[in-house]
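> Let me see the structure of the following:
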Amino acid sequence: MLAENPTHIDIHYLERFPEFAQFRTRPSKKEEEKKDAEGDDISTPEERLEDAYQQLRDQLADSLLAQIKECSPTFFEKLVVDCRRQSPEELAESIVKDIEEYVEDTPRSDDITMLIIKRNQ
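Below is the predicted model of the structure:
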């Protein structure tokens, strides 16, 4: 464009560039908002929040499982043995301690709810 040294730049000149054509054909913000409002999703904000929370939990569980799978068999054995040796109360305290160390001073927006069921043989 600079090599051409145009005397003026107008819409007709800019239409030669694919980026400008793409910019011109994109929907306006009002059109996008209208499309979002008319979408098939009729869930409430609470339902969408719950879905997002469940998706986050699933991703966290998948990530944790992937990390455990990458560890050595010795690490996995120690993990299982340590969990089996602890009482449910000790295990809960250990989990809460690990969470508190992980989040540090980050403000919390939710409580921690845990259900630990331990079967003794």
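> Glu90 - how many residues pack around it?
Glu90 is flanked by 13 other residues according to other CB atoms under 10 Å. C-beta: built from backbone N, CA, C; applies to glycine.
> Mind telling me what element it is part of?
Element membership of Glu90 [criterion: DSSP states H and E] is helix 88-103.
> avg pLDDT for that helix?
Rounded to a whole number, the mean pLDDT of helix 88-103 is 82.
> Contacts for that helix next, please.
Here helix 88-103 makes contact (CB atoms under 8 Å, 6 or more residues apart in numbering) with Cys83, Gln86, Ile112, Met114, Ile116, Ile117, Lys118.
> Please repeat the previous calculation with a cut-off of 6 Å.
Counting by CB atoms under 6 Å, 6 or more residues apart in numbering, the neighbours of helix 88-103 from elsewhere in the structure are Met114, Ile116, Lys118.
> model confidence over the helix ranked longest in the chain, on average?
Here the longest helix in the chain is taken by residue count, with DSSP state H as the criterion, and it is helix 45-70. In this model, helix 45-70 carries a mean pLDDT of 85.
> please renumber so the chain begins at 11
Got it, first residue is 11 now, which makes that one helix 55-80.
> tell me which strands and helices the helix or strand that that helix is followed by is in contact with?
Towards the C-terminus, the helix or strand next in line after helix 55-80, according to DSSP H and E, is helix 83-95. Using 3 or more CB pairs under 6 Å, 6 or more residues apart in numbering; DSSP states H and E as the contact criterion, no helix or strand is in contact with helix 83-95.
> now helix 83-95 and helix 98-113, what's the angle there?
Orientation check (axes from the mean of the first three to the mean of the last three CA atoms, to 10 degrees): helix 83-95 against helix 98-113 gives 130 degrees.
> Name the nearest residue to Asp61, ignoring sequence neighbours.
With CB to CB, 6 or more residues apart in numbering as the measure, Ser53 is the residue that lies nearest to Asp61, at 7.3 Å, once sequence neighbours are left out.
> so what's the backbone phi/psi at that neighbour?
Torsion angles at Ser53 (phi, psi; degrees, to the nearest 10) stand at phi -80, psi 150.
> quick one: it from Tyr63, how far?
Distance of Ser53 to Tyr63, given as CB to CB, to the nearest Å: 13 Å.
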